[in-house]
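1. Predicted model and sequence follow; I will ask about them next.
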Amino acid sequence: MPHSCRFCGKPFPSRGGVKKHIATRPECRRKWESMVKDMDDEGGTPTEFAYENYSFSPLRRSCSESFGLDEDNPVASKSRQEGQTSFERYQQYKEGEGEDEWAPLCDKEEWGLAEWLVKNLGQTRTDEFLKLPITQNCTKPSFHNNRSFLQKNVSVKGNRTDENGQSLHEDVELWMRDPVECIKDLIGNPLFKEHMVYAPSRAYQDEAGSQRLIDDMWTADWWWDKQKELPEGATIAPIILASDKTMLSQFRGDKSAWPVYLSIGNIAKEKRHQTSARATVLIGYLPATKLDCFTSNAYGVDMVCTDSLIQQVYTILAAYVADFPEQCLVACCKENHCPKCLVVANEWGNALNSLMRDVELTKEILERWRSGQQHPVEFDEYGLCAVFQPFWANLPHTNIFMAFMPDLLHQLHKGVFKDHLVKWCLDIMGEDEIDAHFKTIPDYPGISNIKQWTGTEHKEMQHVFMALITGAVPRCYILSAHKVAIIARSILDFCYYAQLHTHTSESLDGLENALTVFHANKDVLEELTVREHFNIPKLHQLSHYVQSIKLFGAADGFNTELPERLHINFAKDAYRASNKHDYEEQMVLWLQRQEAIFWWTSYLEWMAKCSAQTEHEYIVHVLAKTPPHPQQSVQHLETIHGAIDFLPAFKSFLQKHFPHNHIVPGYQDHFDVFRQLVIILPPDPCVSESPKCLQVRAMPEVLPSPSGQKPGSPAQFDMALISSNGVQASKVLLTLDAAVRVAQVCVIFKLPRQFGVYSRPLAYIEWFTPFREADRTTGLRQVSRSTRHLRRNGAVVHVDEIIRPCHLIPKMGQLVNPMWTSTNVYELVSEFYLNTFIDLETFCMSTMIT
């Protein structure tokens, strides 16, 4: 159905296109805000922009007084005057000089050569190339990055003295650049225009405003509260800092770097997480535990934003992304204390809410210690370190302790899950038995085959862990098996709730409830002598998650995985390009050249006005243009694909959909067969704002070549969730109810021409039974093979009735049958668990978060 903007009449193929258009076109956006304000005054809400199933909504970009339901809405983002972004100024300059878009280069090819040289050559060879006459005269770009690094010499005083009693000190190098200038570049980059927000807003799942949604920073409480403290018309740029020390070399000594990264909460988190977008920038390399990059600025700074309007921007440090040791370092506290609250070390494992650290009180205690007039008792009670001038001490509107964000990677995936839950279960069940359970699961090699555990392996293990340990507790622990399963389920629930991209009141309640259930049942681990206590720092940090999400938005926007990925671009690659001697200066020069190339590329993209990706509002099914296996016989499908009841199922399909067909199918017929089906799911706001592509495979076994040069591959006939009443997948509510069943896809094919012209592809499937009631302990749903007349219940369905792939885990019990393998377990086992932890979308379906 076509859609159009009600303000200018411009047509769009989808409703999402209309929303993006209104959000980015100033004239239409102002008319929309005026309409919303008028309707708010009358007590109404424009139903056209209800927040259900959104992929992009102008509500997220609007001024908060035109959206929120509260009467004391803060007023923000009032435009002062028009300005020019750096790209617009450069374009005006080139037009004034009469230059084309490639100037000072000759053409696109010469620009491509220069870009390749800077991105791929090391420093020495690049220097040699730049000294060539052709480089100096023809290929040197004039569009340079104006954010240059500055080198400062910092004198560091130690606690050791020389023979004269004077404190020893040494000079170190601190490479940094002005963060305010970096923020100006970020907030004024035209390529971020569709992903930039200047004011807070409150989003709701329903028109009544009873179910609040929290995803990006501007939908949470911190921005809303800070806006009220600033003058009318002020715009906040919430600063997000991240720091993490990293090793640069493995065999060349202790070469290391300590990068500090900066981004702003005005940019949507999906854009910030794209390393290629450079929405998170490097602002310096630290030589020690000092971050002196900010100045105390209680007044706003005029900045040209992406919409070419000048705003008075207040740069406020809002969030700090770091692992636990670095959080303690910044908080000036010891690592046996919490950097956020004043919990006593021997109470970390208890379910309690401790008093949060106070910035002013901490500064006062440090000052009293520094003056030496008295020894504050609180200095030791609070676990403080003698850091007398922390960088955050004089930053206005900043609470550094509240700014520490949840660390999904180190606290959940590597911490509570891998280091604790997995270890507890291994101690109870035995590593060999757990490994045997793993090896029977299709596509999972077993924990013994993993040489190095990374965040990816931890997440993959979470996908199958719950069904893996269900029923696997030894009989000697049979009285405790129930609680062990509950503990595992509660931790996995917490991990999955914490990863959601959009939170509702329901999901936040689920997050709190999961932690409560764990604390209520954790004593069983002490009874089994698996743990002596639960004073675990990472476990305590989970108690702060709900508060942080309510204040700053979903935790996925502050994951430490991003800084670790940025280390490759801003530290490791730069170090490899140096000669490994006095490498800091060479790294900085190399990075300057990389950024010059990046900003010139960004300017060309802005000039080209690259179009946005097509939005998918419905489920899309895609097959190969040409069938890879044409004219396959029925006998081939029965033997190679295992579709033993293909002909009866196909006859039933023809009788239902082609009642006037008089051709009787038989072994003489041949079918065009596909290897896989690609399903494009529309964005799920709880998980992602981007469409997701999934595969449903129906590929028989491939034997290795006689020479052994080409290895074979096992058969892959995937399980899928399919509409049980013949309704197209796009019209089915994505919940685990009676309208959805599991089936195994054995053949994907097209209807032969002799039976008529038919555009909808087909699939032969084998049904499983409807879902049974969820297990009270694990919450997992059970299914089994569906039979009819003592044979598997096969059927032919339309491909567009397949909703998405799913994952089944065999119900194995305590001991695994040695005959079971990952290639035959689906054939030999009769009872299965639907694995609701295989991905976030399935988890949301099982918990009915819609």
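-> Ah, there it is.

2. Could you pull up the contacting residues of residue 397?
-> Each residue near residue 397 by Cβ atoms under 8 Å, 6 or more residues apart in numbering is listed here: 226, 229, 314, 316. No exception for glycine: its C-beta is placed from N, CA and C like everyone else's.

3. if I read this right, the third one contacts residue 233, doesn't it?
-> Spelled out, that is residue 314. No. Using Cβ atoms under 8 Å, residue 314 is not in contact with residue 233; the gap is 10.9 Å.

4. Looking at those two, which has the bigger crowd around it?
-> residue 314 (22 against 14; other Cβ atoms under 10 Å).

5. Just the mean pLDDT for the helix or strand containing that one, thanks.
-> Here residue 314 sits within strand 309-321, counting by DSSP states H and E. Averaging pLDDT along strand 309-321 gives 89.

6. what sits against residue 648?
-> Per Cβ under 8 Å, 6+ apart, neighbours of residue 648: residue 794.

7. repeat that with 10 Å
-> Contacts for residue 648 (Cβ atoms under 10 Å, 6 or more residues apart in numbering) come out as 665, 788, 791, 794, 795, 796.

8. Check residue 505 too.
-> So residue 505 contacts 204, 205, 210, 211, 212, 213, 214 (Cβ under 10 Å, 6+ apart).

9. Nearest spatial neighbour of the second one, chain-adjacent residues omitted?
-> Think residue 205. Spatial nearest neighbour of residue 205, excluding adjacent residues (Cβ to Cβ, 6 or more residues apart in numbering): residue 211 at 3.9 Å.

10. give me phi/psi at that neighbour?
-> With angles defined as degrees, to the nearest 10, residue 211 sits at phi -110, psi 100.

11. how near is it to residue 504?
-> In this view, residue 211 and residue 504 are 6 Å apart by Cβ to Cβ, to the nearest Å.

12. Overlap of the contact sets of the two?
-> With Cβ under 10 Å, 6+ apart as the test, residue 211 and residue 504 both reach 204, 205.

13. for the residue nearest to residue 743 when sequence neighbours are not counted, phi and psi?
-> Counting by Cβ to Cβ, 6+ apart, residue 743 lies nearest to residue 765, which is 4.0 Å off, once chain neighbours are set aside. Backbone torsions for residue 765, taken as degrees, to the nearest 10, come to phi -130, psi 160.

14. so residue 765 makes contact with residue 721?
-> No. If you go by Cβ atoms under 10 Å, residue 765 and residue 721 don't touch, sitting 11.2 Å apart.

15. Looking at the two now, which is surrounded by more residues?
-> Neighbours per residue (other Cβ under 10 Å) separate residue 765 from residue 721, with residue 765 holding more: 28 against 21.

16. ok so, going back, what's across from the residue nearest to residue 743 in the sheet?
-> Taking DSSP bridges as the rule, residue 765 bridges to residue 745, residue 795.

17. Which residues are in contact with the closest residue to residue 834 other than its chain neighbours?
-> The shortest distance from residue 834 to any non-neighbouring residue, by Cβ to Cβ, 6+ apart, is to residue 781 (4.5 Å). Each residue near residue 781 by Cβ under 10 Å, 6+ apart is listed here: 736, 742, 770-775, 832-836, 846.

18. got it, and residue 196?
-> Taking Cβ under 10 Å, 6+ apart as the test, what residue 196 contacts is 23-24, 61, 186-190, 264, 266-268, 271, 279, 305-307.

19. What does it show for phi and psi?
-> The phi/psi pair for residue 196 (degrees, to the nearest 10) is phi -110, psi 140.

20. Which strand residues bridge it?
-> Going by DSSP bridges, residue 196 forms beta bridges with residue 267.

21. mind checking how far it is from residue 510?
-> According to Cβ to Cβ, residue 196 stands 31 Å off from residue 510.

22. And the helices in the stretch 151-300 of the chain, which stretches?
-> 179-187, 221-229, 269-272 (DSSP state H, counting those that start in this stretch).

23. helices or strands up against the first one?
-> If I follow you right, that is helix 179-187. strand 235-243, strand 259-264, strand 281-285, strand 301-304, strand 309-321 (3 or more Cβ pairs under 10 Å, 6 or more residues apart in numbering; DSSP states H and E).

24. quick check: angle from the strand holding residue 314 to strand 259-264?
-> Angle, strand 309-321 to strand 259-264, by axes from the mean of the first three to the mean of the last three Cα atoms, to 10 degrees: 130 degrees.

25. And strand 309-321, what's buried?
-> For strand 309-321, the neighbour count (16 or more other Cβ atoms under 10 Å) marks 309-321 as buried.

26. what packs against whatever helix or strand comes next after it?
-> Note on strand 309-321: by DSSP H and E, the next helix or strand toward the C-terminus is helix 324-331. Under the contact criterion of 3+ Cβ pairs under 10 Å, 6+ apart, helix 324-331 touches strand 235-243, strand 309-321, helix 400-403, helix 537-541.

27. report the angle between the axes of the longest one and helix 221-229?
-> Computed with the same axes, to 10 degrees, the direction of strand 309-321 lies at 130 degrees from that of helix 221-229.
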